[in-house]
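Q: Here is my input; please provide its structure:
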Amino acid sequence: MSEKPKNQAYEDLEEEYYQISPDILQSFNKFRPPLNIFKLKEDVVRLLPYYKVGERLSKEQGEELEGLVQEGLIFVSRADHHVYVKHISFQLDLVLMDRHLTETEIADIFQTALTRRMEEFLDQPVKAVADKMVSDIMVLTEYLWQDFNRAKAVSRRIHSKHSLANHSVNCGLVGMQLFIQTLPEDYQEGPKSRQTFDRAALGLFLHDVGMSKIPQFMRDKTQMLTPEERQKILKHPLLGIEMISKLDLKFPEVEQCVLQHHERVGGGGYPQKLSGGDISDLGLLAAVVDSFCAMVTDRPYAKAMDPKAAAGALGSDGKYDPRYSKQLAQYLLNTKQM
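A: Residues are numbered from 1 along each chain as shown. The predicted structure follows:
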C-alpha cells in the first residue's frame, strides 16, 4: 500500500487540526494553555502529544513552544473547537490573523463574541463597555469588507431562542447580509463607503438598544399589555436615541436604525408615524430585519416560525418595503440552514 504524498498528508492534517500562529500562542496563558497541544513530526507527517490540559509548562518549555510555533510545527485539535471558539472570542481581532480557520468556524466565533459583548453592554450601557462592543463590531466589518461573500456564513449563525442580546446579534448578522445584497457593485470605490458600512453595522446591532430600559418582565409578558405598559414599550426608540447620544454613537446611520425600525410604509408605525419616502432606506431595512428575527425565534409569547414562512408573511404585508422583503426571500433561497 503506497503512502500518501506529503502535501496531501498536510491537507488531511488541517481537516482535523488547527495550526497555531504566533499571535494565537501569545493569547494563551503562558504556562497553562487552554487546550491540548500537538507537535508535528515532519518526517512522517504525524502529530504527537506535546502538552495536555491541566499540566504546567516550565519557562524552558514555553520558550521551546514559541520556537516550534515559529517553525509551523504546533497544532491543536479541531475536536476542541468549542474551547478554541470561546478562547478567541475574548480577543476577536485574532480571527483576522488566523489563516487556518474555516468560514464556518469564524462565524461561530463572531456569534459567541458579539453575543457576550451585547449581553455585557445591555446589562451595563456605559461608554467603557460600549467601546468594547463597538470595537468587536468593527472587527466584523473589517472581516466582511475584505470579502462580502463572507457575510453568508456569518448570517447563518443566528440564535434560535429570543433574548434582547440574541435578537440584537441576529439582526446585526442578518441585517448586514441584506445590506450587502443591496449595495451597488462599485460601492467600495466611494470615498465614504467604508464609514457608512461600519455605521450601518452599528445601527443594526444597536437598533433595539432602547428596550434595555424596559423592565424584562414587561418585554417577556405573555398576557396582554396594559395601556401604561404599552406606552412604555412604544417609547423604546426614543429611549434608544437618548442612549446612543450619551455614548457618542449618534451617527445618522445608527440613528435611523434606532429611531425608525418600527416605522411602517403606510404610516401606521411609531414613534413618529413616518410613511413612504420619509423613512430612510436603513430604517426600512431595519424594520424588515427586526420583524423577521423576532418571528424566527422562540419567545415567551410565541413559538418560532419557519424562516421561509416568516419571510413570506413579511413579503405579503404592505407595511414593509418590498425591496427589502424580496432581498430577504432571496437570502433565504441561497441559505442552506439557519
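Q: For the stretch 151-300 of the chain, which segments count as strands?
A: In the stretch 151-300 of the chain, no strands are found when defined by DSSP state E, counting those that start in this stretch.
Q: show me where pLDDT drops low in the stretch 51-200 of the chain?
A: Low-confidence segments of the stretch 51-200 of the chain (pLDDT under 70): none present.
Q: try 80
A: 99-100 (pLDDT under 80).
Q: Can you show me the helices along it?
A: 59-70, 81-89, 103-123, 127-146, 151-155, 164-181, 193-206 (DSSP state H, counting those that start in this stretch).
Q: Quick check: which helices or strands does the shortest one pack against?
A: When contacts are defined as 3 or more C-beta pairs under 8 Å, 6 or more residues apart in numbering; DSSP states H and E, helix 151-155 packs onto helix 103-123, helix 127-146, helix 164-181. C-beta coordinates here come from the backbone N, C-alpha and C atoms, glycine included.
Q: What are the buried residues along the second one?
A: Burial within helix 127-146, assessed by neighbour count using 16 or more other C-beta atoms under 10 Å, is assigned to Val129, Ala130, Met133, Val134, Asp136, Ile137, Val139, Leu140, Thr141, Tyr143, Leu144.
Q: Report the distance from that helix to the chain centre.
A: 10 Å (C-alpha atoms, centre = their mean, to the nearest Å).
Q: Ok, stretch 254-270 next?
A: 23 Å.
Q: ditto for stretch 299-310
A: The answer for stretch 299-310 is 21 Å, by C-alpha atoms, centre = their mean.
Q: what do you get for stretch 75-92?
A: Counting by C-alpha atoms, centre = their mean, stretch 75-92 comes out at 16 Å from the chain centroid.
Q: cool, stretch 54-61 as well?
A: 35 Å.
Q: With stretch 182-198 instead?
A: With C-alpha atoms, centre = their mean, you get 20 Å for stretch 182-198.
Q: Extract the C-alpha trace of that stretch and format it as CSV.
A: The C-alpha trace of stretch 182-198 is given here as CSV (Å, rounded to 0.1, in the frame of the first residue of the first chain):
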residue,chain,number,x,y,z
THR,A,182,-28.5,45.8,-1.8
LEU,A,183,-25.1,47.5,-2.4
PRO,A,184,-24.1,48.6,-5.9
GLU,A,185,-21.2,46.7,-7.5
ASP,A,186,-18.9,49.8,-7.2
TYR,A,187,-19.8,50.5,-3.6
GLN,A,188,-16.3,50.0,-2.2
GLU,A,189,-14.9,52.7,-4.5
GLY,A,190,-16.8,55.5,-2.9
PRO,A,191,-14.8,57.8,-0.5
LYS,A,192,-17.3,57.4,2.4
SER,A,193,-18.4,53.9,1.7
ARG,A,194,-16.4,52.2,4.5
GLN,A,195,-17.7,54.7,7.1
THR,A,196,-21.3,54.1,6.1
PHE,A,197,-20.7,50.4,6.1
ASP,A,198,-19.3,50.5,9.7
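Q: Contacts for it next, please.
A: Ile137, Met138, Thr141, Trp145, Phe148, Phe179, Glu253, Leu285, Arg323, Tyr324, Gln327 (C-beta atoms under 8 Å, 6 or more residues apart in numbering).
Q: ok, now stretch 72-82?
A: Against stretch 72-82 from outside (C-beta under 8 Å, 6+ apart): 13, 15-20, 25, 35-40, 42, 47, 50, 65, 68, 84, 105, 108.
Q: Kindly supply the ChimeraX command isolating those of those residues that are buried.
A: Restricted to buried positions by 16+ other C-beta under 10 Å, the ChimeraX selection for these reads:
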select :13,17,18,19,20,25,35,36,37,38,39,40,47,50,65,68,84,105,108
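Q: Keep only those of the contacts of stretch 72-82 that are in strands.
A: Tyr17, Tyr18, Gln19, Ile37, Phe38, Lys39, Leu40, Leu47, Tyr50 (DSSP state E).
Q: Name whatever forms a beta bridge with the second one.
A: What it means is Tyr18. Bridge pairing for Tyr18 (DSSP bridges) gives the partners Val76.
Q: do you know how far Tyr143 is from Pro33?
A: From Tyr143 over to Pro33 the distance is 25 Å, taken as C-beta to C-beta, to the nearest Å.
Q: what about the nearest residue to Met218 once chain neighbours are set aside, how many neighbours?
A: Take Met218 and drop its neighbours on the chain: the residue closest to it by C-beta to C-beta, 6 or more residues apart in numbering is Glu229, 5.4 Å away. If you count neighbours by other C-beta atoms under 10 Å, Glu229 ends up with 17.
Q: got it, and the one 5 residues further on?
A: Other residues near Leu234 come to 13 when the count uses other C-beta under 10 Å.
Q: any idea of the pLDDT on the residue lying closest to it once chain neighbours are set aside?
A: For Leu234, ignoring the flanking residues on the chain, the nearest one in space by C-beta to C-beta, 6+ apart is Tyr270 at 5.2 Å. Per-residue confidence (pLDDT) for Tyr270: 97.
Q: Likewise for Tyr10?
A: 62.
Q: quick one, helices of the stretch 201-338 of the chain?
A: So, for the stretch 201-338 of the chain - with DSSP H, counting those that start in this stretch - the helices run 216-219, 227-234, 236-246, 252-260, 281-295, 307-315, 322-333.
Q: what mean pLDDT does the fifth one have?
A: Pointing back at helix 281-295 there. For helix 281-295, the per-residue pLDDT averages 98.
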